[in-house]
Structures are given as C-alpha cells and as structure tokens.
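Engineer: Take this sequence and fold it.
(2 chains)
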2 protein chains.
Amino acid sequence: MREPLALEMEPDHGGPLFLAIAEAITRDITRGRLRPGARLPGTRALARELGVHRNTVDAAYQELLTQGWLQVEPARGTFVAQDLPQGMLVRRPAPVPMDPVAPRAGLAFSDGAPDPKLVPDKALARAFRRALLSPAFRAGADYGDVRGTSSLREALAGYLATDRGVVAEPSRLLITRGSQMALFLAVRAALSPGEVIAVEEPGYPLAWEAFRAAGAEVRGVPVDGGGLRIDALEATLARDPRIRAVCVTPHHQYPTTVTMGAARRLQLLEMAQRHGLTLIEDDYDHEYRFEGRPVLPLAARAPEGLPLIYVGSLSKLLSPGIRLGYALAPEPLLRRMAEARAAIDRQGDAPLEAALAELIRDGDLGRHARKARRVYRARRDLLAALLGEHLAGRATFDLPAGGLALWLRCEGSAEDWAEAAGQAGLALLPGTRFALEGPAPQAFRLGYAALDEAQIARAVEILAQSVPG
Amino acid sequence: MREPLALEMEPDHGGPLFLAIAEAITRDITRGRLRPGARLPGTRALARELGVHRNTVDAAYQELLTQGWLQVEPARGTFVAQDLPQGMLVRRPAPVPMDPVAPRAGLAFSDGAPDPKLVPDKALARAFRRALLSPAFRAGADYGDVRGTSSLREALAGYLATDRGVVAEPSRLLITRGSQMALFLAVRAALSPGEVIAVEEPGYPLAWEAFRAAGAEVRGVPVDGGGLRIDALEATLARDPRIRAVCVTPHHQYPTTVTMGAARRLQLLEMAQRHGLTLIEDDYDHEYRFEGRPVLPLAARAPEGLPLIYVGSLSKLLSPGIRLGYALAPEPLLRRMAEARAAIDRQGDAPLEAALAELIRDGDLGRHARKARRVYRARRDLLAALLGEHLAGRATFDLPAGGLALWLRCEGSAEDWAEAAGQAGLALLPGTRFALEGPAPQAFRLGYAALDEAQIARAVEILAQSVPG
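Structural biologist: Residues are numbered from 1 along each chain as shown, chains lettered A, B, ... in the order given. Down below sits the predicted model:
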C-alpha cells in the first residue's frame, strides 16, 4: 500500500522548486509523518498531484537519495530509508512491509552478477596474507608501475593465452580497478572530445556513462539474434563520419546474451580496418560458457596493427565486491591509457593484484571457474525448465549458451509486468533499462546466478502470477 | 661509466624520427650491443650527437620506457631494462654497475613516502581475512555504494572528528582509490572545462596532472615561508576571472613543508567566500606532526556553505602500496563527485575498505600512527643534525614541524648537485620537479622517512661529497 503524501510546501521558499519539494519531504520524515520504510508515490503521480513537471519531482527524489533520506529498490519503488539518521544509501535495505496478499520475497534478478556466496574466500584470504607478508611488499618493490603489479600482468598473460587464445605481452596489459575504468580509459585514449563511439542497442548503459565521461558521444546500432547488425553499422558510419570507434560484446551480447557468429566477426574486423576504427571488445564474462567451446575473442584473431582494445574483468568470476579489470591494447593506445590512468588514479591496488596473481598461478582461479560453471549451468537449466513450464505462451526465450543471464521476451508491456512483479517482491530489469535511442525491447534480462534453486522456483512463480492483464 | 652509443639509423625509415631512433636502440639491445643494465647517454648528449632536437630523443626514450626496453632511476639516468624480454618497468631495478670510485649506494630521498617496512602487515592481513570471511561480504551486502563501504565511512568520520576537529557526516564522505582520484574528481565536480584552478608554486605536479585530466587549466601562485602568498593570489584572481578554485596544502606545504599560519588561513577562507571560489584542501600527511599540536585543517573552521573539498589519504599513513584516499565535500559537490566516480570506476574495493575500517575501529591505525611518528621524528632529527654538521655554509633549511620530508635550499645549481649525487648513487629531487611557471627553486625535497639511520648517514655523506664546484 502506498502512503498518502500531503506535502506542506513552503510558499516563499525562494530556492529551486525541487529543493522545496525535497525539504517538504524531509520535514515530513523528521516529524514522523513519513516513517522509515514508507513507500513514496511514483514521480509521475506526485508530479500530477503537485502540478509540477515530473523532472522536478525526479530531481527532488534524487537529492534525497543522495542525502540518504530515501532509498530505492529497482522496480519496487522509492522508500524512506530504514537507517536514518546516518543516512546511508544501501542497495539491499532492511525488509519493508509489503501488501499482505503478496508477501515480500525479497528476490531480484540481477543484471548478471555472480553469487558472492561462491567466492573462494579462504583461498583469497590466504593469498592476501601471503601478498601482504611477502618481502617484496615490505620492501616496497611490489608497486609503482601504473600498468599494475608485474606478477599479475604475467599471470594474466598466461591465462589469456591458455584460456582464450589471446596472445598478450604483459607489457601491453593495463590492470584497472574494474572493467568500468578500462572502458573509460579506452575511449579517453582512442577518441578526441566530440568524436562518436557506436555501441550495441540494446546495450550496457554503464559503458555509455564511461564513454560520455571520457568526452565521447554514444550512438546506438541495433542488435539482432546474431549480435550487432553489420549492415546497420555500415549505414550508421555512412551517416556520421565522426564515429571513430565501436564497442561490442561479441561473446554474450549484453543484454540479449546472443553470440556473434564467425561471419559477422570477420565483417566487423574488416570494416574496422577499412574505416580506421578503434574496436573495443568487452569480454565481460568469457569464463561462463555452457554449450560447446567458447568462441575465441576478436582479440585472438585481429589482424596485426588493428587498434583493438580488449577489456576483461575478474569481478564476474570472483565476486562483484572484488573489483579488478584489465585492458590489452597495442601501442600507443596502451601508453595513452596508462598516462590517463596515472592522472586520475596514479596506480593500482598492490595487495589485491598480488593476491589475484597467486590465485591464478596456484590454479585456484581455474578451479573456482570450473565449480562456478557447474553451479550456474544447473541454475540456468532449472530457470529455463521452469520458465518453459509456467510461462509458455506468455514469454519466449532462447537458451543462452553462456553468461549469467537469460533474455526473456514478452508480449505487451515489460514495464507493467516488472511493476506487478515488484509489488509481489521480485525485482526485474525490463528492456527500458538497456535502450539508448531505439524503442525499448519488451523483454527482461534475468541475471539468475546469485539465486539458489528455491529462489529461482519462487521467482518464476511470482513471474507467472504477475503476468499483466 | 657511460656506454658509447653508435646508433645505426635506417636512412629510409619513413616514420617519425623519434620512432627511428627508438628502433635503432632496440636493434642494438636485441643484437647485444647494449646489454641489460647499460646506461644510456643523456637526452641532451644524444641529441647533439645525432643532430636532432632534444625533444625527439626524449620521445624516443619515452617510447622505449613505455615498452619496457628501458628503465629510469630518478636523478641517476636511463638504463637498458634488467628484466628483458618480459619488458617490465620497475621502480627499483636490480643493481646496476656503477663507477667504482663511487660505489653504488642505491639510496634515494623520496618525495615523502612512508617506510613500507613499518606497515602493520600482520594486523592488515588479519583485517583482510575478517573482511573476506565476514557474512556481510559473502552476502554481497558490503558493496554497491559508489561512496564506499559504509563501515569505513563511519570509522573515518569518527577519526576525522577526534583527530582533526573535522565534522564529517559519513554521507558526505567519498572513499577513493587514493588522493589522486579525489583531486581529479574534486576539479571535475567543481569546474567546467576551460576554467582555471590556482595552485601553489612550487607545488605538487601529480595534482596538476589530475586537474588537467579533469579539464582545468592550472595557474601557479607563489609560496613563501608562510605558505601560499595571499597577496599574490588576490593579484592573480584580478588578472584572470576564469580562476574558480584554489588548491592548497596548508598543513605541510608540498614541497617546501611550511605551515600556513592562522592569519593567512582566515584571509584565504574570506577570499574564497568573497570570490565564490571552491577551495581544495589537500591534507596529505596530517598525522605526521612532531612539534606542538597539529594545526586544525581549514575544513575544521570553514564557514557554513563555503564549497570546500577536504582531501586526505591513508596511503601516507600505511604504505604507498595501500591506495586509499577520501574526500569530504558539501552537497551538491559530493553528489557530482560520486557520479563522476561511478562513470570512471563504478565503486571501490570492498575488502580493502572493510579491512581499513577494522584497523581504525580496533585502534590499530592509531597505534601505528604513534609508532611511525616516533620513528620518523628520530629520523628527521638525525637528518637535520647531520645536514647541519656536514653542509653548513653549503645549504640551509628550516626544521620541518611535521611531514616526511625536509626542504634543503642551496646556492648554485640544484640540478648539477643532483646530477653529481646521482653519479655517486644518491637519487635527489631538485626544485625543477616542483616548478610550474616560475623559476625552479634551488632546493631539494628530501623525503627521508623510508631511510634508516645508517642510510641517512650515508646519504648525507654523499650529499656533502657531491657539492658542485
């Protein structure tokens, strides 16, 4: 049930309208008229009630979210924070009273995060201990290269060669805080401000944020069941000569999970060469391949001299709380990326990098990957079986060959479905979240990896009960 | 002894000249004509020999440094890398044969780094272990806020209030990878591209890099024995209305170590308010105060509403290999910094942040600070006594009240002195390293904290023997 919200706005506030609204809400909270955990009306509803533009209410909510007065749960709504007065933003707030006919399940399909319960924490703790107590660390010898700890670059180079057929000189690897930073640095090094990067549509909004922060404009190119549409890319390039780079997720397209086939890969490489484009290959979850052999990255077959920046991450493999990404790039792109990294971040995290180098060398990472692959494959299969059973005729999907998510297409409004499921305690990510310029796909990205079997079963149950109208 | 360098340049190379030089050098390395550890001629000498501009040789060396063929030791020179063919850049290469009349001491005065041998590594390893094995980490609850782990923000807020009189709401703290990132984000949030930030001259070149990377221009304002000259700042502001921010190191000015007095602090705060400037206070080594009480930061007395961004670091306290900085800023600056951080780096390092929160809560950090202060104070006193004894009449200094460096002023060319000391195995940082627009001060920043008593004695001995002319 939504709480009624009768705001007393100060008539002579003077400042911006959104601040007046924000202050009226905080007054109601401090007076106890809005209690911790209370649900706020949607921005559209409140805007109508107050007779203001929806953006104004948006700005007020945003302000209060930042200050910690409110918290948001994706697809569930906006609530008064539980942990006032510290005013923290938390991603998983304490349970919030829900409509009794739909008891709160507290479930969420993520965008494809791994299960933190599987993280090899004891092996990690041991590796951290060895890294911190090593003579090299005490001697201060284990840091200082902006490209990252040399032991990790060597270990990663071996891993990429063995596991993915990517020949990586350690000197051409740059360890970053996560793939987010690698994407930012890639565009910063490859493009000049005002130039344009073509991206997949639907695609990965956090990458777009990184590219914009690096000064680039972002242009969408549609994706179909075979990945990025090469014909559409060619047409887009013809229309806008400012496009100087393309970013793709060919292994498991984000968010649709499809794999780009061999023919398109060759066309893409050829087109990049012909137009002098920089290619950014975001291979964010290479390890998770359940059917057949993983397709080798573009980086494994790119012609000599093509400016291709290969971006990967260990966060998907270990835990979203372990932030470690990397980029492989030819000179002089790598040098420019390293220079930009030095200016914004100086250098990396020596203990973490040394610890992960140990995990790779000792084989712990490989063992963990095999175990995680088994677990996630079973979860994928269960999800697919239950979706087929309970949602036949309501939604369709292709079994993803890999990755930690499933792309569920539906008839009608995915937003409405997400709203109904959210009311019943299941957070969903509808296609609107992944749309740039084109129409939002009527679909969901169901990141299932962090849900156990019982949670998957319950989630599909809620999904089936929430089918709109 | 310098190796002769008879480069065979390809006459029809075609590409840029600096690449032709770089390739000639790599050919000599692969053919064994230049051996690992061999010293290269200075850029000026080689430029003269080849009849090219010095910048061209600079660019060639830079290229080879980046590729890992060469390595540089500050104030010692440029060498063929020891660890070919992996091609790593290392800060402390393996020992290099030196002129026998000046046996290699392998000593360096840093720019003010702490001693990694003092790092409380066992306490850190225990804290990492507890953080990684905590239920919160396994539940994935301990990450996701772009401002950093809430336990660390709470612990830091308490630390800043108790230790420095700075009232810091945890919600207004942003944990960063190091103070470098905090400085970058501060200017990115506070200035628009093309606006100007005034900085201390001489000052901290890595901060200037961060500011430029954030799109700002950097303008120097001279420093004297009382810190930033307020009269000069006023004159500079009058000349350039694009100046919208000022960055200062009032506690121990970098590099000169002087403390800004109370009167100037008040003038600076007043001036910032009058001109609507954003103040960035880089309090990089607050903990290290040996004489009297630490002066409270500007942030402890800034008037309400002044846009002051307070930047600090735990790296100086623990180890340069432990990268952790933070910024305290009012809304909406903090929100803009957090947004920019999310775009370039998404979020922080949950295990490190949780481990450091434990170190603060358990009192380990405070104990370590007290111990380190004792050790460094004794090293400072020894250095000062020996300098007074051996360099009287050649150089002067004021005993720094705090910090991990001493500013040694000399007659004549500090560059020549550094060159001579470098030949004898002591790396020095002369004033040229800290000059922006003004003339380079004839002085050195002697960061002594990582040198033990014997090393300090030997370093002063080399200094005394290397007095030029």
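Engineer: In terms of secondary structure, what does the top strand by length along chain A contact?
Structural biologist: Assignment by DSSP state E gives strand A:217-224 as the longest strand of chain A. Helices and strands in packing contact with strand A:217-224 are listed as strand A:196-201, helix A:205-213, helix A:230-239; criterion 3 or more Cβ pairs under 8 Å, 6 or more residues apart in numbering or on different chains; DSSP states H and E. The C-beta positions use only the backbone N, C-alpha and C, and glycine is treated the same way.
Engineer: what's next to that strand, contact-wise?
Structural biologist: A:194-203, A:208, A:211-212, A:228-229, A:232-233, A:236, A:240, A:242-243, A:246, A:253, A:256, A:258, A:436-438 (Cβ atoms under 8 Å, 6 or more residues apart in numbering or on different chains).
Engineer: swap in stretch A:443-457?
Structural biologist: With Cβ under 8 Å, 6+ apart as the test, stretch A:443-457 has contacts from A:107, A:109-117, A:255-256, A:376, A:378-380, A:382-383, A:386, A:404-410, A:414, A:417-418, A:428-431, A:433-434, A:459, B:140.
Engineer: can you rerun that using 7 Å?
Structural biologist: With Cβ atoms under 7 Å, 6 or more residues apart in numbering or on different chains as the test, stretch A:443-457 has contacts from A:107, A:109-115, A:255, A:376, A:379-380, A:382-383, A:386, A:404-410, A:414, A:428-431, A:434, A:459.
Engineer: Tell me the buried residues within those residues.
Structural biologist: A:107, A:109-115, A:255, A:376, A:379-380, A:382-383, A:386, A:404-408, A:410, A:414, A:428-431, A:434, A:459 (16 or more other Cβ atoms under 10 Å in any protein chain shown).
Engineer: So which of the residues you listed are in helices?
Structural biologist: A:Tyr376, A:Arg379, A:Arg380, A:Leu382, A:Leu383, A:Leu386, A:Ala414, A:Ala459 (DSSP state H).
Engineer: nearest to B:Ala161, of the residues you listed?
Structural biologist: A:Ala459 (44.2 Å; Cβ to Cβ).
Engineer: My read is that that closest one contacts A:Ala427, right?
Structural biologist: No. Assessed by Cβ atoms under 7 Å, A:Ala459 is found out of contact with A:Ala427, at 9.6 Å.
Engineer: shared neighbours of the two, anything?
Structural biologist: Taking Cβ under 7 Å, 6+ apart as the contact rule, A:Ala459 and A:Ala427 both touch A:Leu107, A:Phe109.
Engineer: could you check whether the helix or strand encompassing A:Phe137 is close to chain B?
Structural biologist: Assigned by DSSP states H and E, A:Phe137 falls within helix A:135-138. Yes. Helix A:135-138 reaches chain B (Cβ under 7 Å from any Cβ of the partner chain) through A:Phe137, A:Arg138.
Engineer: Can you give me the buried ones in that helix?
Structural biologist: By 16+ other Cβ under 10 Å, the buried positions in helix A:135-138 come out as A:Ala136, A:Phe137, A:Arg138.
Engineer: which residues sit in contact with the second one?
Structural biologist: I take that to be A:Phe137. A:Ala131, A:Ala350, A:Ala354, B:Gly321.
Engineer: Repeat the analysis, applying 10 Å as the threshold.
Structural biologist: A:130-131, A:143, A:149, A:350-351, A:354, B:116, B:119, B:121, B:124, B:319, B:321-322 (Cβ atoms under 10 Å, 6 or more residues apart in numbering or on different chains).
Engineer: Show me where the stretch 51-200 of chain A has its helices.
Structural biologist: Taking DSSP state H, counting those that start in this stretch to define them, one finds helices in the stretch 51-200 of chain A at A:54-67, A:121-133, A:135-138, A:150-164, A:179-190.
Engineer: what residue ranges in the stretch 1-150 of chain A score low on pLDDT?
Structural biologist: A:1-16, A:19, A:30-33, A:63, A:66-68, A:74-75, A:83-105, A:141-143 (pLDDT under 70).
Engineer: which residues in it form strands?
Structural biologist: Secondary structure of the stretch 1-150 of chain A (DSSP state E, counting those that start in this stretch): strands at A:70-73, A:77-80, A:107-108.
Engineer: Let me have these in CSV, extended by distance to A:Ala450.
Structural biologist: Conversion of the strands of the stretch 1-150 of chain A to CSV gives the following (distance: least, Cβ to Cβ, whole Å):
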stretch, distance to A:Ala450
strand A:70-73, 16
strand A:77-80, 22
strand A:107-108, 8
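Engineer: Could you dump the ones you listed into JSON lines with distance to chain B added?
Structural biologist: Converted to JSON lines, the strands of the stretch 1-150 of chain A look like this (distance: least, Cβ to the nearest Cβ, whole Å):
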{"stretch": "strand A:70-73", "distance to chain B": "11"}
{"stretch": "strand A:77-80", "distance to chain B": "15"}
{"stretch": "strand A:107-108", "distance to chain B": "11"}
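Engineer: In space, what's closest to A:Leu324 - neighbours in sequence excluded?
Structural biologist: A:Leu314 (4.4 Å; Cβ to Cβ, 6 or more residues apart in numbering or on different chains).
Engineer: quick one, what contacts A:Thr396?
Structural biologist: By Cβ under 10 Å, 6+ apart, the contact set of A:Thr396 is A:Leu387, A:Gly388, A:Trp407, A:Leu408, A:Arg409, A:Cys410, A:Glu411, A:Ala443.
Engineer: again, but for A:Val199
Structural biologist: So A:Val199 contacts A:205, A:207-208, A:211, A:216, A:218-221, A:223, A:228, A:245-249, A:280, A:282, A:436 (Cβ under 10 Å, 6+ apart).
Engineer: quick one on the thing from earlier: redo the buried residues of helix A:135-138 as TSV? Include distance to A:Val166.
Structural biologist: Below are the buried residues of helix A:135-138 laid out as TSV (distance: Cβ to Cβ, whole Å):
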residue	distance to A:Val166
A:Ala136	27
A:Phe137	29
A:Arg138	34
